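S.K.: take a look and give me a structure for this.
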Amino acid sequence: MPGAFDSHCHFEPGDDAPALLARARAAGLSGMLAVGGEAAANRCALAAAAAAPGFALAAVGFEPGEAGRVSPEAAAAAIREAAPRLAAVGEIGLDYSRGEDAAARAAQRALFAAQLSLAAELGLPCSIHSRDAADDTEAILRERLSPALVREARAGSLHCFVGPADFAERLAPLGLSFGLSGILTFRNADALRAAVPALPRDRILVETDSPWLAPVPLRGRRCEPAFVVHTAAVLAHLLGLEEEEAAALSARNALRLFRPVPARPQGV
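M.R.: Here you go, the predicted structure:
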C-alpha cells in the first residue's frame with residue numbers, strides 16, 4: 001500500500017535536498033510535488049525532481065507576490081521552457097491578505113490568468129494559492145481552466161485549503177482537488193476539520209507547504225516533506241480510515257492529478 005504523497009512542498013536555496021529527500025523516503029512517503037513560486041524556488045523544484053526522478057515531481061510558476069516584478073509574458077516564457085520537466089504549474093494564484101490596492105490586485109489577476117491559460121495550453125494541472133480572494137480566484141478559474149482537464153477532474157489543487165466548506169462546493173465542479181496542510185492538525189482548526197468529511201474523497205490531498213506550517217506534534221520546527229505523515233494521520237481519523245488507507249488515498253489522488261513526467265535521456 002503506497003505511503004502518503006506530499007502534494008505541495010518547497011525546496012529553498014541552501015537546503016540539503018538529498019537529506020530532505022532521504023528522510024521523506026525513510027518516513028514512507030510515496031512521492032512529492034516540489035513547487036516553485038519565484039525564480040530561485042523554481043530552480044530548486046526542478047533540481048529536487050532531477051535528484052529523485054519518479055519520487056519528486058516538479059511544478060514551476062510565479063506566485064502572487066511576484067506580480068509587478070515578473071510580467072505575465074516573462075512568467076509564461078519561464079514555464080514554457082521548463083514544461084517538458086513539469087508535472088504541474090505552480091504555485092500561482094491570488095493573495096489579497098496584505099491590503100493590496102486596486103493596481104496591485106489587477107497585476108496579480110493578470111499574472112494568474114496568463115499562467116492558467118498557459119497551463120491549459122500545455123495540458124498541465126496547477127497548484128493554486130488563494131487567500132482572501134475567493135471570488136476573483138473562482139472567476140478567473142472559470143474563465144481560464146482547461147475544459148478537458150475540468151472534465152477529467154485534473155485541473156489542479158487548491159493548495160493549503162482552509163475552507164470555508166462552501167468554497168470547496170463552488171470549486172469542486174471545476175475539476176479541483178483540495179490540499180490539506182499541517183493546519184489540519186492545529187488546535188484552532190476545528191472548522192477545517194469539520195469540513196473535511198464533505199470533500200470528495202477522490203480529490204483529497206495532503207501537503208506540508210514546507211518549510212512552513214509544521215504539523216502537531218512538530219510545531220516550531222522547520223517543516224519538511226517527511227512531516228506530512230502527521231497530517232495524513234489526522235485525515236485518517238476524520239474519514240474513519242486506518243492511517244495506511246488515508247496515506248494510500250492521498251497517493252492515489254495525487255498521482256492521478258500530477259502524473260509522473262516521462263524519463264528524459266541523460267543530458268537532455
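
S.K.: could you identify the helix or strand that succeeds the helix or strand of the chain with the lowest mean pLDDT?
M.R.: Least confident helix or strand of the chain, by mean pLDDT, DSSP states H and E, is helix 165-171 with a mean of 92. Using DSSP states H and E, the helix or strand that follows helix 165-171 in sequence is strand 176-180.

S.K.: the helices in the stretch 1-150 of the chain, which residues?
M.R.: Using DSSP state H, counting those that start in this stretch, the helices of the stretch 1-150 of the chain run over residues 17-26, 39-51, 72-82, 102-122, 134-144, 147-151.

S.K.: could you dump these into CSV and include mean neighbour count and mean pLDDT?
M.R.: Using the backbone N, CA and C atoms, a C-beta is placed for each residue, glycine as well. Rendered in CSV, the data for these read as follows (neighbours: other CB atoms under 10 Å; pLDDT from 0 to 100):
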stretch, mean neighbour count, mean pLDDT
helix 17-26, 16, 98
helix 39-51, 20, 98
helix 72-82, 17, 98
helix 102-122, 19, 98
helix 134-144, 17, 97
helix 147-151, 14, 96
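
S.K.: report the backbone C-alpha coordinates of the least confident helix or strand of the chain in PDB.
M.R.: Taking Å, rounded to 0.1, in the frame of the first residue of the first chain, the C-alpha atoms of helix 165-171 are listed here in PDB:
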ATOM      1  CA  ALA A 165     -16.900  24.500   3.000                       C
ATOM      2  CA  ASP A 166     -19.000  26.500   0.500                       C
ATOM      3  CA  PHE A 167     -15.700  27.500  -1.300                       C
ATOM      4  CA  ALA A 168     -15.000  23.800  -1.800                       C
ATOM      5  CA  GLU A 169     -18.500  23.200  -3.100                       C
ATOM      6  CA  ARG A 170     -18.000  26.000  -5.600                       C
ATOM      7  CA  LEU A 171     -14.600  24.800  -6.800                       C
END
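
S.K.: so what touches it?
M.R.: Ala134, Glu138, Leu141, Leu158, Phe161, Phe178, Ala194, Ala195, Ala198, Leu199 (CB atoms under 8 Å, 6 or more residues apart in numbering).

S.K.: let's see 10 Å
M.R.: 128, 130, 134-135, 137-138, 141-142, 155-156, 158, 161, 164, 176-178, 191-192, 194-200, 203 (CB atoms under 10 Å, 6 or more residues apart in numbering).

S.K.: so where is this protein shaky, pLDDT-wise?
M.R.: For the chain, residues meeting the criterion pLDDT under 70 lie at 263-268.

S.K.: mind doing that once more with 90?
M.R.: 1, 99-100, 163-165, 259-268 (pLDDT under 90).
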